[in-house]
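>>> kindly generate the corresponding structure for this input.
(one chain, ligands or ions: 1)
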Amino acid sequence: MSFEIREITTEDRKKVLEIIEVEWGIPIIVKDRTLNPENLPGFIVYDGENIAGLVTYNLENNECEIVTMNSFRRNMGIGTALIKKVKNTAKAEGCIRLWLITTNDNVDAIRFYQTRKFRMTAIHRDAIDKSRKIKPRIPDTGCYGIPLHDEVEMEILL
Ligand SMILES: CC(C)(COP(=O)(O)OP(=O)(O)OC[C@H]1O[C@@H](n2cnc3c(N)ncnc32)[C@H](O)[C@@H]1OP(=O)(O)O)[C@@H](O)C(=O)NCCC(=O)NCCS
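Numbers count the residues shown, from 1 in each chain. The predicted structure is shown next:
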């Protein structure tokens with residue numbers, strides 16, 4: 001498959017926010033923070049006119065947080081290519097750490113990140129239960145019927 005990766009531009013913003021709203025819900029709540037993806041930088045994978053992948057990130061305090069990550073054509077290298085882009089950007093920006101939060105049910109993503117050298121650094125117990133109080137659309141059950149309770153923090157030191 002041939003695809004093209006581009007930085008998110010102003011023209012992409014409306015589509016990007018629509019995707020994030022569908023996939024994650026806006027605002028995004030992670031580690032007791034509410035993040036508005038309105039101005040987050042990121043990369044889009046285009047397959048012709050169609051969006052095949054999207055990553056957004058947040059640069060703060062010499063760290064780079066992956067805020068959202070989606071591949072819409074799985075197992076073709078899109079997720080890996082997006083990680084590489086963000087990692088290179090984070091290094092170029094002088095970051096010392098690339099990190100993210102995923103959820104306890106998301107065993108496929110946890111596997112994906114671990115095979116891409118991310119390490120688990122913390123489990124934030126009950127974090128999703130707390131977020132659900134602010135954002136009731138968060139379901140009780142996630143992937144594979146796993147009860148959804150905790151945040152899993154993962155990182156790569158750059
Ligand atoms: C996690 C996620 C981003 C991975 O994206 P992806 O595009 O499927 O990732 P890749 O294709 O790069 O890698 C997935 C697997 O496909 C394999 N693969 C890559 N290119 C391939 C190809 N051309 N042919 C066959 N297999 C291939 C990879 O080796 C990898 O397997 P591995 O983990 O055993 O090494 C995707 O599953 C996703 O969007 N999940 C839902 C949203 C989500 O959970 N996001 C993360 C939340 S923090």
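>>> pick out the residue of this structure closest to the ligand.
residue 79 (2.4 Å; CB to the nearest ligand atom). (C-beta placed from N, C-alpha, C; glycine too.)
>>> shaky segments in this protein?
Applying pLDDT under 70 to the chain flags residues 1.
>>> can you list the residues of the protein near the ligand?
69-71, 74-80, 100, 102, 106, 108-109, 112, 115 (CB under 6 Å from any ligand atom).
>>> which of those residues count as buried?
69, 70, 71, 78, 79, 100, 102, 106, 109, 112 (16 or more other CB atoms under 10 Å).
>>> which ones are touching the fourth one?
Taking CB atoms under 8 Å, 6 or more residues apart in numbering as the definition of contact, the neighbours of residue 78 are 3, 45, 52, 53, 71, 72.
>>> go again with 7 Å.
With contact set as CB atoms under 7 Å, 6 or more residues apart in numbering, residue 78 has these partners: 3, 45, 52, 53, 71.
>>> any chance of these in TSV with distance to residue 142 as columns?
Below are the contacts of residue 78 laid out as TSV (distance: CB to CB, whole Å):
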residue	distance to residue 142
3	28
45	24
52	23
53	21
71	18
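>>> pick out the most distant pair among those residues.
Comparing all pairs in these by CB to CB, the longest separation belongs to 3 and 71, at 10.4 Å.
>>> how about the nearest residue to residue 132, chain neighbours excluded?
Sequence neighbours aside, residue 138 is the residue nearest to residue 132 in space, at 4.4 Å (criterion: CB to CB, 6 or more residues apart in numbering).
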